[in-house]
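Chemist: Model the following, please.
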Amino acid sequence: MLKRIIPLLILAVGVAGFILLKVTRPEPDTVSAKERSWLIEVMTVRPDTHTPVLSLYGELVAPEQTTIAAPLAGRIGSRPVQEGQRVKAGELLVALDSADVTPLVDQAEADVNDLRAQIASEQVRHANDREALAGEKAILENARRQFERTQSLVGRNLSSQETLDAAADVLARARLTVTARQRAVDEHPSRLQSLEARLARAQAALTSARRDAERATVAAPFDGIVTAIQVAEGDRVSQNAPLLSVYPDQGLELRARVADVFRQELLDAVNAGEDLQAATGDGRHRFTLSRFAGTSDPAGTEAILTLNGDTGGLRPGGLLPVTLERPPRQDSIAIPYSALYGSDSVYRMTDDYRMQRVTVKRLGEARASNGERQVLVSAEGLDAGDTLIITHLPNAMTGLKVELAGAEPEAGE
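Modeler: Here you go, the predicted model:
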């Protein structure tokens with residue numbers, strides 16, 4: 001009997017202990033859900049006038065570069081300059097051998113003198129023809145009277161027919177002589193005109209020969225730099241063969257392609273007389289936008305920027321990146337790229353530390369005072385004094401709770 005009661009007592013004691021422990025256990029703390037906040041940095045919106053910039057990559061060209069060509073075929077007599085040498089205006093660049101140039105001028109002068117002598121001879125001939133014509137007309141008149149007398153004598157049977165025939169022959173010959181001489185006198189103006197035309201042609205050839213002789217010795221037309229040398233002293237060259245080039249050390253231009261979306265804005269600014277400047281990254285060289293090329297293509301239109309000041313080591317053909325200042329935009333805001341979502345959205349922080357999406361218009365790129373790249377957006381949708389979130393959050397959405405981290409930066413810095 002006792003053996004049956006002992007297990008029941010043990011079981012009862014266990015149940016009683018469990019109940020006691022359950023009744024006397026401490027109550028657990030109530031767990032409440034807490035919303036997570038994200039650390040952000042902000043800036044204060046202060047609309048102002050900013051200058052957007054445009055990054056360009058262009059090629060340097062020398063629009064006034066001059067190529068020197070040989071005016072005549074001949075041998076190079078002198079070429080004292082070297083590739084890349086800086087020269088002054090009037091300094092000798094290249095010259096043909098005078099032995100190849102002088103005979104051509106002498107020949108042209110001889111042709112002119114020969115035609116002048118022919119014209120003088122024609123004048124003398126014409127004067128002689130006129131004098132001879134007067135005498136031959138007198139002979140013709142005498143022959144006519146002689147023929148008439150002989151004809152009268154034959155009619156009276158006082159002379160023979162042979163005498164009359166001889167007088168007729170003399171008269172005919174006198175007429176032919178007068179006719180030939182008259183034709184020579186009448187042709188004088190045309191012969192003279194032909195000779196004068198040939199003289200004019202010879203004088204033009206002489207002028208051309210003298211001009212080519214002057215051009216055979218080439219001096220620098222301006223202060224510049226020699227390039228593209230293709231001959232050496234002693235080389236034989238043909239007419240119009242290129243010899244060398246020289247370009248001025250001022251007035252280099254940068255040709256950079258600009259997308260069509262910016263072209264009209266820049267064209268309007270140039271036509272309005274605005275001074276749009278561009279500078280290299282190190283600031284050593286500055287350019288002024290002067291005009292656009294006359295043709296375009298699907299990739300854009302070439303903007304032509306003129307170098308301000310000295311070349312400073314720049315050479316035509318070099319590629320150069322520059323930053324062009326676009327026309328200033330009023331009521332704009334410069335923000336870091338980290339504040340932009342997509343191409344047209346930013347977030348501002350509300351008074352209860354929540355994110356609120358705002359749609360803005362992107363105006364371009366700007367440069368902060370420290371050189372940092374920023375995005376320039378319009379102030380529409382943002383008010384002065386708004387707190388703009390500049391920390392880029394991958395899960396950004398309207399209503400997301402945020403928390404400030406660090407001091408507030410100034411706008412545009």
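Chemist: switch to C-alpha atoms for all contacts and neighbour counts from now on
Modeler: Will do.
Chemist: the helices in the stretch 51-200 of the chain, which residues?
Modeler: Per DSSP state H, counting those that start in this stretch, the stretch 51-200 of the chain carries helices over the ranges 98-155, 161-186, 188-215.
Chemist: least reliable of these going by mean pLDDT?
Modeler: When the helices of the stretch 51-200 of the chain are compared by mean pLDDT, helix 161-186 comes last with a mean of 82.
Chemist: Counting by contacts, list what it packs against.
Modeler: Applying 3 or more CA pairs under 8 Å, 6 or more residues apart in numbering; DSSP states H and E, one finds that helix 161-186 contacts helix 98-155.
Chemist: Select, out of the helices of the stretch 51-200 of the chain, the one closest to Glu64.
Modeler: Nearest to Glu64, of all the helices of the stretch 51-200 of the chain, is helix 188-215, at 19.0 Å by CA to CA.
Chemist: I'd like the helices of the stretch 51-200 of the chain as JSON lines, with mean neighbour count and distance to Ile19 appended.
Modeler: As requested, these are arranged in JSON lines below (neighbours: other CA atoms under 10 Å; distance: least, CA to CA, whole Å):
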{"stretch": "helix 98-155", "mean neighbour count": "16", "distance to Ile19": "132"}
{"stretch": "helix 161-186", "mean neighbour count": "16", "distance to Ile19": "160"}
{"stretch": "helix 188-215", "mean neighbour count": "16", "distance to Ile19": "125"}
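Chemist: With distance to Asp351 as added columns, please give those in CSV.
Modeler: Written out in CSV, the entries for these read as follows (distance: least, CA to CA, whole Å):
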stretch, distance to Asp351
helix 98-155, 91
helix 161-186, 115
helix 188-215, 82
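Chemist: The ones you listed: which one's closest to Ala89?
Modeler: Smallest distance to Ala89 across these (CA to CA): 15.4 Å, for helix 188-215.
Chemist: Relative to Val81, which of the helices of the stretch 51-200 of the chain is closest?
Modeler: For those, distance to Val81 was read as CA to CA. The smallest value, 17.0 Å, belongs to helix 188-215.
Chemist: so after the closest one, what's the next helix or strand?
Modeler: Counting by DSSP states H and E, the element after helix 188-215 in chain order, helix or strand, is strand 217-219.
Chemist: partners of that following strand in the sheet?
Modeler: According to DSSP bridges, strand 217-219 forms sheet pairs with strand 92-96 (antiparallel).
Chemist: tell me the angle of the partner strand relative to helix 188-215?
Modeler: For strand 92-96 against helix 188-215, the angle by axes from the mean of the first three to the mean of the last three CA atoms, to 10 degrees is 130 degrees.
Chemist: so how far is strand 92-96 from its chain's centroid?
Modeler: For strand 92-96, the distance from its own C-alpha centre to the chain's C-alpha centre is 28 Å (CA atoms, centre = their mean, to the nearest Å).
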